[in-house]
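Trainee: Got a sequence here, can you model it:
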Amino acid sequence: MSTTFTSDLFQRFRDLLLTRSGLYFPDHRQNDLHHCLMSVLPATGCASLEALYTAAVSSERVLHTIIESVTVGETYFFRNASQFAALRDQIIPT
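Mentor: Coordinates of the predicted model:
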């Protein structure tokens, strides 16, 4: 299994994620993206990062798996009703 993450491969993944999902990875987050991609290799059945890229380009399922691994599923904002009351009663009316 090839886990080499060249600058070229990073840029291709970065551009794919930006184009298809709006997610942007600046250069200083290359290691973060690499870590996430390595974590999804077993779930996708891909033998290398190059194969993962090829699969992500052609398969929405694989791309969605990658997107889930690079995003944080925080929902705290939606748990606080007072934030919505402030929007409704104070911010939006003005």
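
Trainee: what's around residue 37, how many residues?
Mentor: Look at residue 37: counted by other C-beta atoms under 10 Å, it has 23 neighbours. Every C-beta, even on glycine, is put in place using the N, C-alpha and C of the backbone.

Trainee: Please name the residues that touch it.
Mentor: 5, 13, 49, 52, 66, 69 (C-beta atoms under 8 Å, 6 or more residues apart in numbering).

Trainee: Please identify the helix or strand for the second one.
Mentor: Spelled out, it's residue 13. helix 7-21 (DSSP states H and E).

Trainee: The helix or strand of the chain with the lowest mean pLDDT: how far from the chain's middle?
Mentor: The helix or strand of the chain with the poorest confidence is helix 76-79; it has a mean of 73 (mean pLDDT, DSSP states H and E). How far helix 76-79 lies from its chain's middle: 21 Å, per C-alpha atoms, centre = their mean, to the nearest Å.
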